[in-house]
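K.L.:
I would like the atomic coordinates for the input below:
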Amino acid sequence: MGPEAKLYQKLRKKSSNILWTRLENLSGLGTPDLLGYNTSGRFFTVELKVTKGNKLKFSPHQIAFHIAHPHNTYIIAQALGPGSLKLVQMYRGSRITELVACGLKLEACVSGLDACCLELSKLGA
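P.N.:
Below is the predicted model:
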């Protein structure tokens, strides 16, 4: 199991109140990894990224998706490199160009897996 799949499993276990659908879409390049639906009836997407350093790699299609869909889109990132805290951070999709430029030095809207799950759970409440 790859690092993003492991991150998804942790996210899924911590957010049992969110219905998750993995999006394996070969025709819609740039489509995020996950479609979530919370108990408030809110749909949102999540792109998962795991890195060994500070920089996050996004395809031009992923960047374009988040620029075209700035609302209810999120990026959850985790650094696994030496010296990292393995902290999970969440960013709004509308900030993808800043995230590409700054990497994980960009201030996250939420830090910690539990906090990410809580934030996504209360969308639309």
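K.L.:
next, the buried residues of stretch 29-46.
P.N.:
Using 16 or more other Cβ atoms under 10 Å as the test for burial, stretch 29-46 gives 30-34, 36, 38, 42, 44-46. Every C-beta, even on glycine, is put in place using the N, C-alpha and C of the backbone.
K.L.:
what about those residues, which are in strands?
P.N.:
Using DSSP state E, the subset of these located in strands is 34, 36, 44-46.
K.L.:
can you report how many residues lie near Trp20?
P.N.:
Trp20: 17 surrounding residues under other Cβ atoms under 10 Å.
K.L.:
who's in contact with the closest residue to Glu119 other than its chain neighbours?
P.N.:
Nearest residue to Glu119 in three dimensions, chain neighbours excluded: Val110, at 4.8 Å (Cβ to Cβ, 6 or more residues apart in numbering). Contacts for Val110 (Cβ atoms under 8 Å, 6 or more residues apart in numbering) come out as 89-90, 116, 119.
K.L.:
show the buried residues in the residues you listed.
P.N.:
Among the contacts of Val110, the ones that count as buried by 16+ other Cβ under 10 Å are 89-90, 116.
K.L.:
list the buried residues of the helix ranked longest in the chain.
P.N.:
For the chain, the helix with the greatest residue count under DSSP state H is helix 3-14. Under the neighbour-count criterion of 16+ other Cβ under 10 Å, helix 3-14 has 7-8, 11, 14 buried.
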